[in-house]
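Asks: need a 3D model of the following:
(chains A, B and C)
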Amino acid sequence: MKILNDVSFEHEGGTLVVIGPNGSGKTTLLRSIAGLTRYSGVVEIEGLSPARYRNYMSYVPAQPSLDPMARGLDIGLAMNYRSPGNLWRQHFREWLATFGVEGLTNRAIFTMSSGEQRLLLIAAALSRTPRLLLLDEPTAFLDMTNQAKVMKVLAELSRSGVTIVMATHDLHYASLADNVAVLSKGRLVAFGSPREVLNEGLLSKVYSVSIKKVNDDPPLFLPGLF
Amino acid sequence: MKARGLTWALLPALLLAACLASVSVGPYSKVGIVQVFEALSGRGAPSTYLYILSYRLMRTAAAIVIGVSLASAGASLQYTLRNPLVDPYLAGVSSGALLGVTLMIYLGHTGFLELYVAALAGGLATLAAVTLISLLAGGGASTFLITGVAASYVLTGVTMFLMIGLGPKLPGALYWMFGSVAFVTRPLLLRSAAVAALSIAGIATLTRYINTFMLGDDVAKSLGVSTGLLRTTVFALASSATSAVVAMSGPVGFIGLVSPWLARRVYGSSFSLALPAAAMIGATLAVASDIAARLILYPSEAPLTAVTSVFGAPLLVYILLKSRGESPW
Amino acid sequence: MPGYGIQALPELRDARRSVDVPASVLAITLAIMVVLVALSAYSLSEVQSINRRLSSLSSSVSNINNTIMSEVSAKLAYESEELGSLLSGLNSSVSYEVSRLNSTIKELSVSLRFPVEIVDALNETVFIPSAPTRVVTLDPAATEDVIAVGAAGQLVGIDNNSLIYLPPPFNYTVNKLYENGSVKNIGSTYTSPSIEAILSLRPDLVIGTAGWGYNNYIASVLGQYGIPVLLLPSYNSLSDVYESIIMVGEATGHVQQAVSTVERDSELMASLESRLSNYSPVSVALVSWINPTYVTGGGTFQDSMISLAGGVNVFENSTGWPVISAEEMLNSNPQVIIVMSNGGLFNETSLIQWLSSSIGPAYENISAIKYGRVYVVEGWYESLLSEPAVLLPYGVELLAEVLHPQAFNITQPPGVISPSTLSLPGATS
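Replies: Down below sits the predicted model:
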């Protein structure tokens, strides 16, 4: 079953935000880049195929199925199964501290809220110090404080040279990206800087609902329910 | 954390105590703990005692091999498939071994070594068949489970047909249903121990990769772990260790199921910690069960599986009750 | 920014590898396992090396024995010639001394017969270095053999079933020995044998029937300790019975008595054969359980007993002990039906009830029912027909009396066949 059709783009550095309605293929696109699904065509990251780029990228899925009895620290351990030594441990704790959730190392997954689990997973993914970060709906389950924290961290990472590819429903993050990809029914209907791509007409067509631009700088789009 | 540290010291002590008890207990009551120390101190003992001690030592060694193998196999399967109901026999190896043995007896070969080979061959053949069918059907975790269960039923059914025609040779075949360490001879023990040790060592080298199963298939795959291949490998290694044990002393139930549970209560979901703990717990349980088997129907012997089930089930219920309110798995 | 430092591209490698505590614990556990296995294997080697030394000693002894044998027999031949000429005129005390000398010679000749090597039922060569004084039997058939060849005095251990299920006269012997403590019960080898109990008796010979219960496993474990285990062929035919008796006689040093037992049995069989030669075979069904109804089929020892007794098994085309339906019984129409009462559980009424509930009044057409030739076997005659072992010839005799009463001058065999209702002229009391 082909989910994506004729998707082709090039993205260099910085943040790429992928938006589109449910079922448009956002998750599949991310999974293809992570090398988790079969695809016809070419996926190249810094000249390497996903399989060979594994050590330099981290993938955080939208709905991870973590072992409920696992402790936070075990998750970090498992993520870093390949690294010898304990350096990752220090990074892991520091990332958790940045998110303000150091206590998660000793708690079991089943005692954490979905938001806390998400933060844990992101911290673990970052403890691998990847060059490419693939995030599927990272802000789901997070309250505004945590969303802000995560976004701040992502922004900083992006400035330090880490490439971030993010699939999201939140249109206002799209405005802050370096590149935006808009998917609809498995096709790439637009790719480019937010300024080029985001406009009311395109968005309304893609989302089948009337979208209004309610602010100019930063550009903010909302479904026209009111 | 405190519980963990304490357990590392406690477990080996328990195991050694169990071994000592095992060598000191038996129907021939003249050989007790005093005689064990006499023999160890080199002061020499009447040769009858030496025979009895040697026999009990063989039993203890066999029990430890059984405990370590089944517990390790069970732990690796439970952590890989993330399912608490899984035990080392899920590939149907015990039914395959029983069928091989029954077939041999039916055809008139009753020598112990021949039956050992038949049991081993039956178990491994079943493992191969189940693995192949599961891979053809997709290779997901539940596929293995279902295929194994189906294989178990089919093989047991065929075995029952054969058993009707056995007549007075029936108890010989029943040995492979009940499990016992009473008849272990050195060549069999060495062979089985070798196969089991190799399989467990293999699993141990995969510990880091098995740890990634707790992240979920997606994340694990993104880290470069071929989850399907790993699952199949663990399945094969665990089941071959189980086969070796079943061939030597018949199917001993429950140890493979309950040792990982106990280990998990203390060590959580980290497989690298749980595996050695489960192995030691399994060894201790096996030795203790053998001691109980010798004492309960004194001076006769109870079948080993009966003892492990009768004592293991309440233990499991106790664990469930104690962890009420915490997550199931 | 943890981990990223000044440049975002991590090339950090920490060569230091922390020691993995759990891995070392697993290593310790596996090491304990290996040590224990090695220890038990080593202890076994010790035992086996002792045994090897013992058996090399025995072969030296046997060489010496052979030398003594030839010298002694030469000397004896000379002495007995001399004595023979003196005997006729001398008083009884001298002949008493002579007969004492003779029995000593007999004992000596028994022990000089050893060591023996016997090939048992599993084609294993069993090496018995000297006349065994501590014999353990694993099942009733083996116990019977030992008693039949006169080696009961050498028994030190018997299994539980021998204590319970032996027919007369064996049970008297066994009970006497058990009560005065010379024989111990080692438990049942059919359900839960105890190796330790056997080992603790320090036997120098263990005898059992091959394939019976756990005997084969017991043999292989005891073999490790150098204890000779003789496995007898399962009693499927007369030749098996004779072979077992001779084997046990050889193993225990009672060859002559074994041979005479076998001779007596074959004479009985020969006389039976001639008695029955003028009678045509009678069709028989031998029922061992009712509902589900098991009968004796072909290829079993009971089947051969039936043939030897001048009968034809109507179910000989099915092997083993098949389950049959009432219709099959009607179809096969046996002239005689023999039912094992199983300790009083079944009788003629139970047979008829089972038949009529399936096929109604049609059962009356079965020849055995019509002519009143249904017999129920009770008492120890049941084990005579189901586990005859040494007494197999007498089981044949019993069947012959039932199938061809005229040959034994019996007008009508009783409906209930038990030791009190039918006697066996050939059996010992």
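Asks: so how many other residues sit close to residue C:425?
Replies: 10 (other C-beta atoms under 10 Å in any protein chain shown). (Glycine included, C-beta is placed from N, CA and C.)
Asks: is any residue of the longest strand along chain C near chain B?
Replies: Using DSSP state E, we find that the single longest strand of chain C is strand C:282-289. No: shown here: strand C:282-289 not in contact with chain B (C-beta under 8 Å from any C-beta of the partner chain), separated by at least 11.2 Å.
Asks: what packs against that strand?
Replies: strand C:293-295, helix C:301-308, strand C:311-313, helix C:326-332, strand C:336-340, helix C:392-403 (3 or more C-beta pairs under 8 Å, 6 or more residues apart in numbering or on different chains; DSSP states H and E).
Asks: go ahead and name everything in contact with that strand.
Replies: Here strand C:282-289 makes contact (C-beta atoms under 8 Å, 6 or more residues apart in numbering or on different chains) with C:293-296, C:302, C:306, C:310-315, C:321, C:329, C:332-340, C:342, C:346, C:351, C:367-368, C:385-386, C:399, C:403-404.
Asks: can you check stretch C:360-371 too?
Replies: For stretch C:360-371, using C-beta under 8 Å, 6+ apart, the contacting residues are C:283, C:285, C:326, C:329-330, C:333-337, C:352, C:355-356, C:373-374.
Asks: mind running it again at 6 Å?
Replies: For stretch C:360-371, contacts defined as C-beta atoms under 6 Å, 6 or more residues apart in numbering or on different chains pick out C:330, C:333-337, C:355-356, C:374.
Asks: could you export stretch C:222-239 as CSV, CA atoms only?
Replies: C-alpha atoms of stretch C:222-239 as CSV (Å, rounded to 0.1, in the frame of the first residue of the first chain):
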residue,chain,number,x,y,z
LEU,C,222,23.6,-47.8,38.5
GLY,C,223,26.0,-48.7,35.7
GLN,C,224,27.8,-45.5,36.4
TYR,C,225,28.7,-46.8,39.9
GLY,C,226,30.0,-50.1,38.5
ILE,C,227,27.1,-52.1,39.9
PRO,C,228,26.3,-54.9,37.5
VAL,C,229,22.6,-54.7,36.3
LEU,C,230,21.1,-57.7,34.6
LEU,C,231,18.1,-56.9,32.5
LEU,C,232,16.0,-59.9,31.6
PRO,C,233,13.9,-60.2,28.4
SER,C,234,10.3,-59.3,28.8
TYR,C,235,8.2,-62.4,29.1
ASN,C,236,6.6,-62.6,25.7
SER,C,237,7.2,-66.2,25.0
LEU,C,238,8.3,-69.5,26.6
SER,C,239,11.8,-69.1,25.3
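Asks: just the buried residues of it, please?
Replies: Buried residues in stretch C:222-239, defined by neighbour count with 16 or more other C-beta atoms under 10 Å in any protein chain shown: C:222-235, C:237-238.
Asks: neighbours of residue C:260, how many?
Replies: By other C-beta under 10 Å, the residues close to residue C:260 number 14.
Asks: tell me the SS of it?
Replies: Secondary structure, DSSP: H, G, I helix; E, B strand; the rest coil: residue C:260 is helix.
Asks: how close does it sit to residue C:267?
Replies: Separation of residue C:260 from residue C:267 (C-beta to C-beta, to the nearest Å) stands at 10 Å.
Asks: how about the strands in chain A?
Replies: So, for chain A - with DSSP E - the strands run A:15-19, A:57-60, A:132-136, A:163-167, A:179-184, A:187-192, A:211-215, A:220-223.
Asks: relative to residue B:282, which of those is closest?
Replies: Nearest to residue B:282 among the strands of chain A is strand A:57-60 (36.3 Å), distances taken as C-beta to C-beta.
Asks: and that closest one with chain B, contact?
Replies: Yes: counting by C-beta under 6 Å from any C-beta of the partner chain, chain B has neighbours in strand A:57-60: residue A:59.
Asks: partners of that strand, with directions?
Replies: strand A:132-136 (parallel) (DSSP bridges).
Asks: which residues sit against the partner strand?
Replies: So strand A:132-136 is in contact with A:27, A:30, A:34, A:57-62, A:163-167, going by C-beta under 6 Å, 6+ apart.
Asks: report the angle between that strand and strand A:15-19.
Replies: Strand A:132-136 runs at 20 degrees relative to strand A:15-19, counting by axes from the mean of the first three to the mean of the last three C-alpha atoms, to 10 degrees.
Asks: from the chain's centroid, how far away is strand A:132-136?
Replies: Mean-position distance between strand A:132-136 and its chain equals 4 Å (C-alpha atoms, centre = their mean, to the nearest Å).
Asks: export it as CSV, just CAs?
Replies: The C-alpha trace of strand A:132-136 is given here as CSV (Å, rounded to 0.1, in the frame of the first residue of the first chain):
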residue,chain,number,x,y,z
LEU,A,132,19.4,14.8,13.0
LEU,A,133,16.4,14.7,15.3
LEU,A,134,13.1,13.3,13.9
LEU,A,135,10.2,14.2,16.1
ASP,A,136,6.6,13.0,15.5
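Asks: and the average pLDDT for that strand is what?
Replies: When pLDDT is averaged over strand A:132-136, the result is 93.
Asks: again, but for stretch B:82-95
Replies: 86.
Asks: for it, buried residues please.
Replies: So, applying 16+ other C-beta under 10 Å, buried residues of stretch B:82-95: B:82, B:84, B:86-95.
Asks: in the lengthiest helix in chain A, what's buried?
Replies: Determined from DSSP state H, the single longest helix within chain A is helix A:144-160. Buried positions in helix A:144-160, judged by neighbour count with 16+ other C-beta under 10 Å: A:146-147, A:149-151, A:153-154, A:157-158.
Asks: so the nearest residue to residue C:136 once chain neighbours are set aside versus chain B, what's the distance?
Replies: In this structure, residue C:136 finds its nearest non-sequential neighbour in residue C:157, 3.7 Å apart by C-beta to C-beta, 6 or more residues apart in numbering or on different chains. Residue C:157 sits 12 Å away from chain B, taking C-beta to the nearest C-beta, to the nearest Å as the criterion.
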